[in-house]
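>>> Let me see the structure of the following:
(one chain, ligands or ions: 1)
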Amino acid sequence: MAELSLVSGSVGLITLQSPPVNALSAAVRRGIVDTMQRAVSDPKVRSVVICGQNGVFCGGADIREFGSTMTGPPLVPMIHAIEAADKPVVAAIEGSALGGGLELALGCHYRISHAKARLGLPEVTLGLLPAAGGSQRLPRLIGVPAALDLITTGRHVTAAEALKLGFVDQVTDQNTVEAAVQFALSVVGQSLESRRISSLPCPCPVDVDALFEGVMQRVRQSARGAIAPVACVQAVRAAATLPYAQGMQREQELMATLFTSGQARALQYCFFSQRAVSRWSMPSGARWDTCKPKPVTKAAVIGLGTMGRGITVALAQAGLSVVAVETQPQQLKAGQRAVSDMLERAAQRLGVPSAVQGVRYSQELQAVADAHLVIEAVFEDMALKEQLFKQLSSICKPDTLLCTNTSALDIDHLASQTHRPQQVVGMHFFAPAHVMKLLEVVYGPRSAPQAVATAMALGKRMGKVSVAVGNCRGFVGNRMLMPYVEEALFLLEEGATPETVDHALEEFGFPMGVFRMSDLSGLDVGWRVRKAAGLVEPGKMSRVRQGRRYSPLGDLLCEQGRFGQKTGQGWYLYETPGSREARPDPWLHSFLEEYRARQGLVSRRIDSQEVQERCLYALINEGFNILQESIAAGPEDIDMIYVFGYGWPRHRGGPMFYASQVGLPRVLQRLEHYQQLHPDVPHLQPSSLLWRLVSSGSPPIHRWREVIRKPHSAL
Ligand SMILES: CC/C=C/CC(=O)SCCNC(=O)CCNC(=O)[C@H](O)C(C)(C)COP(=O)(O)OP(=O)(O)OC[C@H]1O[C@@H](n2cnc3c(N)ncnc32)[C@H](O)[C@@H]1OP(=O)(O)O
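Residues are numbered from 1 along each chain as shown. Sure, this is the predicted structure:
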């Protein structure tokens with residue numbers, strides 16, 4: 001839908017009308033083609049302005065149409081017709097001009113932008129490339145290096161940066177449409193030749209080959225197996241080396257491959273899932289749209305260790321007034337310095353006022369008395385937290401929300417220490433808490449829906465992707481991680497090395513394999529958790545604990561003081577304690593050989609396929625158990641937790657989406673295969689939900705909820 005009106009006597013104003021973001025659906029494209037034709041042939045119209053309804057120019061192609069057969073006029077000829085018009089066409093950009101929206105604007109002869117607008121070509125984040133001429137026009141307009149940066153990263157830029165780079169002509173902080181109309185009136189009669197970007201030569205660097213080789217190498221490295229960034233480089237190379245028409249042909253060929261790829265489907269699934277998880281629901285039937293969050297302006301954080309510091313920064317940056325409490329004077333001083341440094345640095349980087357003044361510090365718990373919401377981030381020790389929740393229950397106002405940042409402890413048990421279990425929820429941040437996008441909001445059986453709504457709203461305010469999940473050991477993320485890590489350890493026992501396991505997982509797309517990650521976060525973290533669970537038997541090598549297969553390898557390394565990067569030794573060797581470059585450790589290899597010999601284990605060759613299947617399918621299987629138990633409301637919740645909190649490669653959509661792409665029957669069959677080989681490993685026992693899905697004909701992922709909710713008998 002697009003409407004044409006005549007303004008200021010001779011300007012044809014075309015308004016795109018498709019809320020909420022005026023995406024270029026078939027109807028909008030039809031509307032543009034039709035209104036442009038009318039404007040061009042109407043003698044009263046001497047120039048044209050294109051704008052979007054409700055303060056948004058255009059959010060690009062309608063992503064919802066990608067899954068079905070495309071109908072309506074295609075974008076490329078539509079944009080060519082605009083560019084070829086013999087009357088000046090001006091884009092009036094407000095809100096967003098993204099993807100196809102910016103490509104439409106690049107087809108116009110001029111671009112006027114509001115100062116607050118964001119512009120960009122984010123197609124790469126959806127597994128695509130700007131294939132409505134964007135990959136060919138942008139380099140012609142702003143040069144190859146700048147175009148490569150925008151197209152391969154998909155980053156959104158401000159109007160000021162767009163002006164500096166040269167792809168908008170004017171920025172206004174007044175009414176953009178009025179400014180564009182005035183501008184359109186002023187350019188009537190001027191030659192449009194130099195304004196048709198497709199007819200311009202591409203400003204070419206001297207050594208094109210060297211430039212593209214370097215870029216391609218960098219892009220391949222950071223893409224972690226994603227194909228779209230590579231295709232984006234190839235398309236821009238075509239702009240730099242071929243005439244426009246041939247460049248366009250190359251753009252279309254590359255797009256054809258991407259458009260139907262599994263990666264594009266995965267990335268588009270992530271786009272919608274990221275938004276869907278904010279529409280949370282609880283097994284009780286409480287939902288996001290029936291619960292109003294409570295206003296929170298004053299927050300408190302207890303504990304100024306690494307997590308507490310990050311949480312304080314995130315809250316202060318979101319504009320809350322924060323009191324940070326730490327009972328240890330040294331820790332308080334160090335914490336205060338670290339928080340202030342982080343806030344100052346961020347303010348400098350973003351060019352905004354620092355939020356340092358928004359944080360108060362205290363050694364007294366009493367200081368949290370008037371907070372609307374308290375987040376406990378003390379040491380992961382149940383006795384300590386029990387005591388703290390008892391105190392908070394009497395210090396805080398009756399309606400104050402009491403939150404814990406525990407990563408695994410029982411929320412319900414903590415709630416039972418207070419007089420207000422309904423006001424207790426988990427807010428599980430990921431380190432570093434002011435950087436990582438994920439927040440697990442954990443509700444117990446007694447948490448009030450309004451408490452969940454309030455924590456979710458606060459997460460959004462902090463810029464987090466917040467996912468509401470039920471209470472169980474490890475919640476969603478860490479619970480699924482357990483079988484993944486265990487399988488990796490079992491693989492070491494059977495003959496793999498940390499290098500072979502990590503290589504297979506990094507090849508899959510994780511930024512770090514499980515052992516490099518363990519070295520980074522510290523082997524002692526998991527050791528403490530296993531000790532608390534009664535699993536650690538110092539000096540003992542037994543491989544069955546609490547009735548199931550257990551690998552003591554991690555415990556044995558910890559007993560030797562090998563805690564990872566911080567001690568310079570863990571699963572790998574480091575130059576010095578604290579250094580980051582992991583090197584294979586000959587000591588570790590002989591240690592593993594001796595271990596296997598003492599256990600009577602025969603080492604065998606283990607390939608990448610086995611590593612990936614055993615680690616990933618065990619993790620996915622736990623995801624099915626979690627869905628079955630309604631700990632997560634849907635597969636999207638699990639997938640967003642893994643993409644935003646655990647480094648799962650976004651172009652693979654998250655573990656549950658990946659399972660759907662591999663095929664549920666295949667996942668089931670491989671789990672059964674490994675379970676037969678390792679009958680003492682319960683997490684390889686296929687989840688009953690996986691069975692049910694397969695016997696229901698393996699429906700597509702968006703229909704899993706129907707099977708999950710279907711009453712079933714265990715008989
Ligand atoms: C022929 C193939 C050509 C491809 C070229 C392309 O153009 S691909 C698309 C490129 N465009 C984008 O990637 C932009 C995607 N959108 C955004 O980044 C943001 O939505 C926004 C435009 C910056 C607005 O952000 P805001 O935070 O204000 O809103 P939401 O993100 O919550 O979005 C509101 C709802 O609108 C839906 N939506 C947004 N963009 C599109 C789109 N391009 N197509 C379809 N739907 C879109 C979004 O999903 C939200 O709805 P939900 O129901 O909540 O999911």
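>>> For the residue in the stretch 101-250 of the chain that the ligand sits nearest to, the count of nearby residues, please.
Per CB to the nearest ligand atom, P122 is where the stretch 101-250 of the chain lies closest to the ligand, at 4.1 Å. Glycine gets a C-beta too; all of them are placed from N, C-alpha and C. Using other CB atoms under 10 Å, P122 has 22 other residues around it.
>>> wait, what's in contact with it?
G60, L98, G99, G154, R155, H156 (CB atoms under 8 Å, 6 or more residues apart in numbering).
>>> Ok, C232 next?
For C232, the contacting residues are E123, V124, L129, P130, S135, L148, I151, T152, V219, by CB under 8 Å, 6+ apart.
>>> Kindly recompute the last result at 6 Å.
By CB atoms under 6 Å, 6 or more residues apart in numbering, C232 lies in contact with V124, L129, I151, T152.
>>> Please apply the same query to M248.
Q136.
>>> So is the helix or strand where it lies next to the ligand?
M248 belongs to helix 244-259 when elements are defined using DSSP states H and E. No - Helix 244-259 lies out of reach of the ligand by CB under 6 Å from any ligand atom, never closer than 7.0 Å.
>>> for the ligand, what are the nearby residues on the stretch 301-450 of the chain?
Residues of the stretch 301-450 of the chain lying close to the ligand (CB under 6 Å from any ligand atom): none.
>>> burial count for S354?
Close neighbours of S354, defined as other CB under 10 Å, add up to 16.
>>> swap that for T71, sorry
T71 has 12 neighbours, counted by other CB under 10 Å.
>>> coming back round to it: now the two most distant members of the contacts of C232.
L129 and T152 (9.3 Å; CB to CB).
>>> More neighbours: which of the two?
Taking neighbours as other CB under 10 Å, L129 and T152 compare with L129 leading, 28 against 25.
>>> Next, R140: secondary structure please.
The three-state assignment at R140 reads helix, by DSSP: H, G, I helix; E, B strand; the rest coil.
>>> just to revisit the earlier point, any chance of the contacts of P122 in JSON lines, plus distance to A415 and secondary structure?
Output for these, formatted as JSON lines (distance: CB to CB, whole Å; DSSP: H, G, I helix; E, B strand; the rest coil):
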{"residue": "G60", "distance to A415": "45", "secondary structure": "coil"}
{"residue": "L98", "distance to A415": "43", "secondary structure": "strand"}
{"residue": "G99", "distance to A415": "45", "secondary structure": "coil"}
{"residue": "G154", "distance to A415": "42", "secondary structure": "coil"}
{"residue": "R155", "distance to A415": "42", "secondary structure": "coil"}
{"residue": "H156", "distance to A415": "41", "secondary structure": "coil"}
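>>> May I have the phi/psi pair for the nearest residue to D637 once chain neighbours are set aside?
Of all residues not flanking D637 in the chain, V467 sits nearest, at 4.9 Å (CB to CB, 6 or more residues apart in numbering). Per-residue torsions, V467: phi -130, psi 120 (degrees, to the nearest 10).
>>> same thing with V465?
phi -90, psi 110.
>>> Do a quick rundown of the strands in the stretch 51-200 of the chain.
89-93, 96-98, 110-114, 118-120, 157-158, 170-172 (DSSP state E, counting those that start in this stretch).
>>> follow-up on the earlier one: what mean pLDDT does the helix holding M248 get?
Helix 244-259 shows a mean pLDDT of 98 in the predicted model.
>>> show me where pLDDT drops low in the chain?
Where the chain drops to pLDDT under 70, the residues are 711-715.
>>> And the residue nearest the centre of it?
F644 (4.0 Å; CA atoms, centre = their mean).
>>> For the residue nearest to that residue when sequence neighbours are not counted, give the beta-bridge partners.
What sits nearest to F644 in space, not counting adjacent residues and going by CB to CB, 6+ apart, is L438, at 3.9 Å. On the basis of DSSP bridges, L438 is bridged to V465.
>>> need the contact list for L438.
F430, V465, F644, G645.
>>> List the ones among the residues you listed that fall in strands.
Using DSSP state E, the subset of those located in strands is V465.
>>> Could you identify which of the contacts of L438 has the most neighbours?
Highest neighbour count within these, by other CB under 10 Å: F644, with 24 neighbours.
>>> wait, isn't it in contact with K437?
Yes - F644 is in contact with K437 according to CB atoms under 6 Å; the separation is 4.5 Å.
>>> Now the common contact residues for these two.
When CB under 6 Å, 6+ apart defines a contact, the residues bordering F644 and K437 alike are V465.
>>> Return the nearest residue of the stretch 551-700 of the chain with respect to the ligand.
Relative to the ligand, the nearest point of the stretch 551-700 of the chain is E636 (10.9 Å; CB to the nearest ligand atom).
>>> Please, which helix or strand holds that residue?
Per DSSP H and E: helix 635-645 holds E636.
>>> how about that helix: buried residues?
P635, E636, D637, I638, D639, M640, I641, Y642, V643, F644, G645 (16 or more other CB atoms under 10 Å).
>>> name the element the closest residue to the residue of the stretch 551-700 of the chain closest to the ligand other than its chain neighbours belongs to?
In space, and not counting its chain neighbours, E636 is closest to S273: 3.8 Å by CB to CB, 6+ apart. Assigned by DSSP H and E, S273 belongs to helix 262-276.
>>> follow-up on the earlier one: show the subsequent helix or strand relative to the helix holding E636.
helix 655-662.
>>> Check which helices and strands that next one sits against.
Judged by 3 or more CB pairs under 6 Å, 6 or more residues apart in numbering; DSSP states H and E, helix 655-662 is in contact with helix 262-276, helix 608-628, helix 635-645.
>>> Nearest to E575, out of those helices?
With CB to CB as the criterion, E575 lies closest to helix 608-628 of these, at 27.0 Å.
>>> Distance from the chain centre to the closest one, please.
20 Å (CA atoms, centre = their mean, to the nearest Å).
>>> Show residues contacting it.
Contacts of helix 608-628 (CB under 6 Å, 6+ apart): 476, 480, 483-484, 487-488, 501, 504, 508, 632, 638, 655-656, 659, 667, 670-671, 674, 683, 687, 689-690, 708.
>>> Give me the subset of those that lies in helices.
Taking DSSP state H, the ones among the contacts of helix 608-628 that sit in helices are 480, 483-484, 487-488, 501, 504, 508, 638, 655-656, 659, 667, 670-671, 674, 689-690, 708.
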